[in-house]
Every structure is written in structure tokens, then in C-alpha cells.
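1. The sequence and its predicted three-dimensional model are supplied below.
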Amino acid sequence: MEENFNPVARTRANYYTPGSPVQFVCVELLKGDVSGEHAVCLTFKNISKVTLTALEIHFKCKGVDGVILCEDRFEYRDLEVKPGELFGMDDAVFVTAKAITSVDVSLCNVYNGKRVVHLDGIKRVRLPAPKRLSAELEKALETRMNRPELKYQPQVFENGWYCACGAFHPKEEDTVYCSECGCDRILLQNALNTLLQPEQPAQTEPELETPLAPQAEEPTRIMGAAPVQEEPTRIMGAPCREAEPQPEEPAAEQTRVLDAGMRAQFPDRASHAAADEGTRVMPAAARRAQPISQQPEPAYDDEEEYEDERDSVAEALIRWVPPITAIVCAAVALCGFVYYQFVL
């Protein structure tokens, strides 16, 4: 008689075996829809780089009050599990009508063809519990990553990392992709960091700090006074003052022209005038009789000849300085090259 078993509970493993090519992932509890019995199914994952063919485990099921309901070994045979694949979830290792509260699983032997890896002597490592996200953050992360059931905070440890779906990936798996939900660890962590950062307000231009304006002084108010009657302009006579005496200046002595008769009458004046060279007034006839002295024309320098000489010198400099400079520079460079090549 066939019977359908429906999932009742699912619990992830909280420990792993270091160095094992197989990872114990979770335990599922199913209930028959006819008999009501409980079936225990275990899920494992191949985290190695080779194909696995068999697995031997030891399990222990406990009921209420910690009573051991079953303790036995189970073998998964005729397998062909490729790297990264899950297996074992379709095989029930124990069926009972009693309530099951916990299941303990230990890995014994893993087979890869004729090659076997013994795991009995390896001590299991307990995993820290994953941290649950808040409802808001969970919904935002699921929306951003476009994945359902992202309830936990991604964490990285020395021996592996937790995905947001709750799956643990040991360092032996050597991957950044979750084999259960398909998330990328780096993208997942970046998305969570973005959601955890507070929203920064839009940056506005800093306002210039203006100094406080001094208190405005009250303007002077002009109060209208009673109109004053204007006094008419009075014209007062200036006091009469006597005119001050002005100093008398000696009359300017006019130039007197003495003819020969007058000079004969005043011989002393004539001798004094001869001694003192003063302004002599000559008659017009005498001036006309005396020829005008020929003054020599001023000699002008030949500026054009000087400018021609200067232009020729400048033209010679402009013409010969550049090639001479180029020849000197080339000679200096050649001497330096010969010195460094043959002397040093």
C-alpha cells in the first residue's frame, strides 16, 4: 500500500565535519497522510571536486524527554553524485509513530569509486546560529536580490560563510555562490550594506554665514519747530575809514638820448657812459649804413648716414647670429657625446 508523506518540519544542521567531502545539510520530518507515522529524511551535499558513489552514516533519533528512539547506521549505495549536488532527501532512514524531537548524524565513510575517506575520527565543529533579519530588512533584501526566503544576515567566518537563506558553506566547498538559493555572497553582502546605511539627505549648497547686522540706528527725526518770522534784511552803511597813505614810488628814469652837442656840455657824463657799457641807441641812418653781418649756417649732422650704418650692423647680426649659435651648440653636443662614449 502506497502512502504519501508530507513535510512537517525542517531543521538545518548546526555542525559540520572539517575536511569532509560531504556536508550534512538538514533533517526533514515527514508525516504519512494515512498512517500518521513520522519519517526521518536526511539531506547531504557533495562539496568535493569528484563524483561520490557511496556514503555511510551513523544516526540517533530522540523523542520526548530525550529518550533515544533509534540509533543505527545507514548506507547510501549506488550513488553518482556530482560536485555541488544534493542527495539523500528521498530516502527515509527511520519511521516511527512516536514524536521525534531531535536527530544526531555522524559521517563515517565516503566512497569515490574504490577510494574511501574515513571520517570516524574527525571531531565535528559546532556552528553559530545564524542571525535573523528584521521583517522590514528581510522584505527589502528579498526585493533587491529577487529571491524568496532571505531571512538571515549573511556572515563570513574562518571556516566558511552563511548565506541569507540560512545555508552554511564550509571553506572546503570553495565557492561564492549558494547552491540552494543561487545568491552571490559578494553581491548579497553589498546589497545588505546598502540597506543598512541610513539614507543621506540631498546635499544642499552650504549657506554663507552672514554676520549679524548691527541694530539699525533710529534715524534722526526732524521735529517741526514753530515758524519764526523772518527779519527783513537791513542794509547797514559801512564805517567810513580814511584812506591809508600809499608810499610814493620814485618815478622811473627815462632813457635819454644825448646828441653830440649835449655830450660836449656834460663831459663827465660822457666818460661815465663810455666806461659803463649800456644800451646804445643808434640812429636809423647808421643802422642802414652798416651791413648786416653774415651769420654762419648751423652745421647739421648727417643723421641719414648714421642710420644707414646702424641698419647695416643690425642686418648683419640678424643674419649671422642664428647659424653661428647653431654651430656652437652642435659642437658642444658633439664634444659631450664623444666624451661620454670614449672617455667614460
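-> That came in fine, so what should we check first? Numbers count the residues shown, from 1 in each chain.

2. Tell me where the chain has strands.
-> Remark: strands of the chain, listed N- to C-terminal, are 5-12, 15-16, 22-32, 38-46, 54-62, 68-76, 86-87, 92-96, 102-112, 115-118, 125-126, 155-157, 160-162, 168-170; assignment by DSSP state E.

3. List of residues touching the second one?
-> Strand 15-16 is contacted by residues Q23, F24, R124, V125, R126, L127, N159, G160, F168, P170 when judged by CB atoms under 8 Å, 6 or more residues apart in numbering. C-beta here means a position set from N, CA and C on the backbone, and glycine is covered the same way.

4. quick one: low-confidence parts of the protein?
-> Screening the chain residue by residue with the criterion pLDDT under 70, one finds the ranges 1, 199-310, 344.

5. Quickly list the domain ranges of it.
-> By the record's domain assignment, the chain is partitioned as 5-126, 135-196 (automatic domain parsing).

6. what's the single longest helix in this protein?
-> For the chain, the helix reaching the highest residue count under DSSP state H is reported as helix 303-338.

7. Tell me the buried residues in that one?
-> By neighbour count with 16 or more other CB atoms under 10 Å, helix 303-338 contains no buried residues.

8. Save the contacts of strand 15-16 as CSV, and put in distance to Q189 and neighbour count too.
-> Supplementary listing: the contacts of strand 15-16 in CSV, determined by distance: CB to CB, whole Å; neighbours: other CB atoms under 10 Å:
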residue, distance to Q189, neighbour count
Q23, 22, 24
F24, 25, 23
R124, 27, 18
V125, 23, 12
R126, 24, 8
L127, 19, 17
N159, 18, 12
G160, 14, 19
F168, 15, 23
P170, 18, 20
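
9. Let me have those in a markdown table, adding distance to L195 as columns.
-> Written out in a markdown table, the entries for those read as follows (distance: CB to CB, whole Å):
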| residue | distance to L195 |
| --- | --- |
| Q23 | 29 |
| F24 | 32 |
| R124 | 34 |
| V125 | 31 |
| R126 | 30 |
| L127 | 25 |
| N159 | 27 |
| G160 | 23 |
| F168 | 22 |
| P170 | 27 |
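
10. Isn't L69 up against F59?
-> No: using CB atoms under 8 Å, L69 makes no contact with F59, being 10.9 Å away.

11. could I get the domains of the chain as JSON lines with distance to L334?
-> Putting those into JSON lines (distance: least, CB to CB, whole Å) gives the following:
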{"stretch": "domain 5-126", "distance to L334": "69"}
{"stretch": "domain 135-196", "distance to L334": "63"}
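
12. Nearest to Y340 among these would be which one?
-> The stretch from the domains of the chain with the least distance to Y340 (CB to CB) is domain 135-196; that distance is 56.2 Å.

13. From start to finish, how long is the closest one in a straight line?
-> 13 Å (CA to CA, to the nearest Å).

14. Quick one: list the elements packing against the longest helix of the chain.
-> Contact partners of helix 303-338 among helices and strands, from 3 or more CB pairs under 8 Å, 6 or more residues apart in numbering; DSSP states H and E: none.

15. nearest spatial neighbour of R10, skipping sequence neighbours?
-> Nearest residue to R10, sequence neighbours excluded (CB to CB, 6 or more residues apart in numbering): E28, at 4.9 Å.

16. so who does the one you found touch?
-> If you count contacts by CB under 8 Å, 6+ apart, E28 has them with P7, A9, R10, V40, C41, L42, T43, M89.

17. C108 too?
-> Under the criterion of CB under 8 Å, 6+ apart, the neighbours of C108 are E56, I57, H58, R73, H118, L119, D120.

18. In PyMOL, select just the buried ones from those residues.
-> To isolate the buried subset of the contacts of C108 in PyMOL, counting by 16+ other CB under 10 Å, use the following:
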select buried, resi 56+57+119
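
19. Show me which of the contacts of C108 is closest to L150.
-> Distance from L150 was checked for each of the contacts of C108 by CB to CB. The minimum falls on I57, at 30.1 Å.

20. A13 versus the closest one, what's the distance?
-> Note on I57: its distance to A13, by CB to CB, to the nearest Å, is 12 Å.

21. do E180 as well
-> Distance of E180 to A13, computed by CB to CB: 13 Å.

22. Pick out whichever of the two has more residues nearby.
-> A count of neighbours by other CB atoms under 10 Å puts A13 above the other of E180 and A13, at 20 against 16.
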